[in-house]
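1. Sequence and predicted model, in that order:
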Amino acid sequence: MKNDTKMTLLMLMATVFWAGAFITGKMGVYALSPLVLTFLRMFFSAVIIFPIMVVTERDNWRIKLSSVKYAVLTAGVGMIGYHMFFFYALRYTDASKASMINAINPLLTALMAVIFLGEKLTSRKIFFIFTAFIGVVLTLSNWNIQRIMSFDLNVGDLLMLCGAMMWATYGIIVKRIMPFFTPLKLTTYTFLFSAFMLFPFTVKELLYLDYIQIGWMPFLAVLYMAIFPSVIGYTIQQTAIKELGAGKTALFIN
């Protein structure tokens, strides 16, 4: 019970950091492409967290060759997949609206956890999932029932829904592969492989950016996203998935 309380408090802190990512992400997309934003967020996160992981894990910091495929999978789905949808969505929809759409994640995660992980769908969990779903529908429709019936969504809304699906899938994958990693080690190698995978597609754009015209604000936004939502937030999340389960951890997004 004491450990559950500790994880609850840590996850509440993580959700505050993630909320800030919607604001700073909106700041960044005005000056940098979603591809560059995703790469820089992963690169700075890897640079920050890698030495911490080496010191903390001591003799166990190296990744086994047999485990590389798992880190590549979490990188492709949870980091590259989610963040590309996330940043592109912020080009077409408001940060507040995107964050509310992301609240459908507990519904997706809970259903996938029942199917793939055998987690139980309790009445309390169903209540919170239903609340999240209603909130998403009302936000998308602007409380307009006719709009709900016509299913009138803009491009950004649909992209954010795809991002939520990616994040839910990521939560299930993390729960499945956690026996092969510590939370810190998985977070570190997920960032590292994300940066490696994105670099060939980003290097040309990085070389031709007008850094003077862009200014320092978008890069400060990236730095915030790298430190707080990524390094701290994702490490907490993966620990919570291990301790509380994928479905229960996803509820904190609300």
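-> All right, it came through fine. Numbering: from 1, shown residues only.

2. for this structure, longest helix please?
-> helix 2-28 (DSSP state H).

3. List the buried residues in that one.
-> Neighbour-count burial for helix 2-28 flags 7, 10-11, 14-15, 17-18, 20-28 (criterion: 16 or more other CB atoms under 10 Å). Any C-beta I mention is one placed from the backbone N, CA and C, and that applies to glycine too.

4. Kindly report the same for stretch 154-169.
-> Buried residues in stretch 154-169 (16+ other CB under 10 Å): 156-169.

5. Also stretch 67-76?
-> So, applying 16+ other CB under 10 Å, buried residues of stretch 67-76: Ser67, Tyr70, Ala71, Val72, Leu73, Thr74, Ala75, Gly76.

6. Look up how far Gln238 lies from Ile173.
-> 11 Å (CB to CB, to the nearest Å).

7. So if I had to pick from these two, which one is more boxed in?
-> Taking neighbours as other CB atoms under 10 Å, Ile173 and Gln238 compare with Gln238 leading, 26 against 20.

8. how distant is the longest helix of the chain from the center of its chain?
-> Centre-to-centre, helix 2-28 and its host chain are 11 Å apart (CA atoms, centre = their mean, to the nearest Å).

9. packing partners for it?
-> helix 82-89, helix 95-101, helix 217-225, helix 235-244 (3 or more CB pairs under 8 Å, 6 or more residues apart in numbering; DSSP states H and E).

10. Of the ones you listed, which is nearest Leu121?
-> helix 235-244 (15.0 Å; CB to CB).

11. helices or strands up against that closest one?
-> Judged by 3+ CB pairs under 8 Å, 6+ apart, helix 235-244 is in contact with helix 2-28, helix 155-177, helix 183-207, helix 246-250.

12. quick one, it and helix 155-177 angle?
-> 50 degrees (axes from the mean of the first three to the mean of the last three CA atoms, to 10 degrees).

13. Please save the CA atoms from helix 235-244 in CSV.
-> Output of helix 235-244 as CSV, limited to C-alpha atoms (Å, rounded to 0.1, in the frame of the first residue of the first chain):
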residue,chain,number,x,y,z
THR,A,235,11.0,6.8,-16.2
ILE,A,236,8.3,7.3,-13.6
GLN,A,237,5.7,5.9,-16.1
GLN,A,238,7.6,2.7,-16.8
THR,A,239,8.2,2.1,-13.1
ALA,A,240,4.5,2.6,-12.5
ILE,A,241,3.6,0.2,-15.3
LYS,A,242,5.8,-2.4,-13.6
GLU,A,243,4.3,-1.7,-10.2
LEU,A,244,0.7,-0.8,-10.9
